[in-house]
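[1] The sequence isn't on hand, but the structure is:
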């Protein structure tokens, strides 16, 4: 009897992630063995560890499997149109610069359809945290080829194998001006959480890629086994090289995955540059908007 009572008491306890998730929307739509839930848990843990004021955190997502994150987190969330998560987040950050604005979306959304926005937000060093879940395909819409699909891998639109060269995302982010660049897989829970924690406490365009190939469409079509098989692959083939030249971070089909923190530097953000410019050129006519923003007083 005492054992049954103890079991009931344990089951009544709130899950540690519950304060960060809209539990009324559970169960979620993600497939069994999908890595997106793991990434969400790591982000929630990082928020808890950094003691961020959750009233000053906003999550912006686009369309796709990872795009559902904004609707599941118990934070101010915004679900943008396909490819437009970053420009939406840019507007939000410029109007409310005191917020921690996190863009949480997939590879198709952020660097496929939204690739141009990604490039220019990094170039401007917009103060945004970008968490990109790379599942190698367009997962929600049928497993089509994406800008990150490894060479020779099969997709629904390239059933005989991909012949398009994919993006090397850490190199893309670094070459465009990102101030924090890291990559992990969904197996690297503690390392991923540490990266999120570091990125939350930094300024500028921070980019964290999490490699987690779609376990339903991509893995089945390429006969890569179960979700557990994918985890074993990450364990055996993740090559951690902190500070590595991002040019070597290409991902081949079932090849080594270079992981680690590649870039961590400080540089003035877009808002910093704007305030400095208008202070110099307009002098007393420039009236800063608290706490960090700025507008021109006529």
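    Alright, I've got the coordinates. Owing to the predicted nature of the structure, the values given are computational and were not obtained by experimental measurement.

[2] residue ranges for the strands of the stretch 1-150 of the chain, please.
    Secondary structure of the stretch 1-150 of the chain, counting by DSSP state E, counting those that start in this stretch: strands at 57-61, 76-79, 100-106, 129-134, 137-138, 144-145.

[3] ok, and which of those strands has the densest surroundings?
    Using mean count of other CB atoms under 10 Å, the stretch among the strands of the stretch 1-150 of the chain with the largest mean neighbour count is strand 137-138, at a mean of 30. (Each C-beta comes from the backbone N, C-alpha and C, glycine too.)

[4] just checking, what packs against it?
    Strand 137-138 makes packing contacts with strand 144-145 when contacts are defined by 3 or more CB pairs under 8 Å, 6 or more residues apart in numbering; DSSP states H and E.

[5] Other residues contacting the strand it packs on?
    With contact meaning CB atoms under 8 Å, 6 or more residues apart in numbering, strand 144-145 is reached by 137, 138, 155, 156, 157, 158, 162, 164.

[6] Pop out the phi and psi values for residue 263.
    Backbone torsions of residue 263, given as degrees, to the nearest 10, read phi -140, psi 140.

[7] Could you list every helix and strand that the helix ranked longest in the chain packs against?
    Counting residues, the longest helix found in the chain (DSSP state H) is helix 36-50. If contacts are counted by 3+ CB pairs under 8 Å, 6+ apart, helix 36-50 sits against helix 69-72, strand 129-134, helix 189-200.

[8] Now do the last one, average pLDDT.
    Averaged over helix 189-200, pLDDT sits at 97.

[9] now that helix and strand 57-61, what's the angle there?
    110 degrees (axes from the mean of the first three to the mean of the last three CA atoms, to 10 degrees).

[10] what's the offset of the very next helix or strand once past helix 189-200 from the middle of its chain?
    Toward the C-terminus, helix 189-200 is succeeded by strand 206-211 as the next helix or strand (DSSP states H and E). Computed by CA atoms, centre = their mean, to the nearest Å, the separation of strand 206-211 from the middle of its chain amounts to 5 Å.

[11] With stretch 203-217 instead?
    Between the mean C-alpha point of stretch 203-217 and the mean C-alpha point of its chain there is a distance of 5 Å (CA atoms, centre = their mean).

[12] now do stretch 263-273
    On the basis of CA atoms, centre = their mean, stretch 263-273 is displaced by 19 Å from the centre of the chain it belongs to.

[13] let's number from 134 now, not from 1
    Sure, I'll start numbering at 134, so the last one becomes stretch 396-406.

[14] residues of that stretch that come out buried?
    Applying a neighbour-count criterion of 16 or more other CB atoms under 10 Å, one finds 396, 397, 402, 403, 404 buried in stretch 396-406.

[15] Where is pLDDT lowest across those residues?
    Sorting these by pLDDT puts residue 404 at the bottom of the list (92).

[16] hang on, the earlier thing: may I see the buried residues of the longest helix of the chain?
    For helix 169-183, burial by neighbour count (16+ other CB under 10 Å) applies to 169-181.

[17] JSON lines please, covering those and showing distance to residue 253.
    Supplementary listing: the buried residues of helix 169-183 in JSON lines, determined by distance: CB to CB, whole Å:
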{"residue": "169", "distance to residue 253": "26"}
{"residue": "170", "distance to residue 253": "31"}
{"residue": "171", "distance to residue 253": "30"}
{"residue": "172", "distance to residue 253": "25"}
{"residue": "173", "distance to residue 253": "27"}
{"residue": "174", "distance to residue 253": "31"}
{"residue": "175", "distance to residue 253": "28"}
{"residue": "176", "distance to residue 253": "25"}
{"residue": "177", "distance to residue 253": "29"}
{"residue": "178", "distance to residue 253": "31"}
{"residue": "179", "distance to residue 253": "27"}
{"residue": "180", "distance to residue 253": "27"}
{"residue": "181", "distance to residue 253": "32"}
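
[18] Just give the nearest non-adjacent residue to residue 226, would you?
    If the residues on either side of it in the chain are set aside, residue 226 comes closest to residue 234, at 4.7 Å by CB to CB, 6 or more residues apart in numbering.

[19] Indicate which one of the helices and strands packed on helix 169-183 is closest to residue 313.
    When the helices and strands packed on helix 169-183 are compared by CB to CB, helix 322-333 sits nearest residue 313, at 5.3 Å.

[20] contacts for the closest one?
    By CB under 8 Å, 6+ apart, the residues outside helix 322-333 that reach it are 171-172, 174-176, 178-180, 182-183, 185, 233, 262, 264, 313, 315, 317, 319, 339, 341, 343, 373, 392, 394, 397.

[21] If you count neighbours, what's buried in it?
    For helix 322-333, the neighbour count (16+ other CB under 10 Å) marks 324, 325, 326, 327, 328, 329, 330, 331, 332, 333 as buried.
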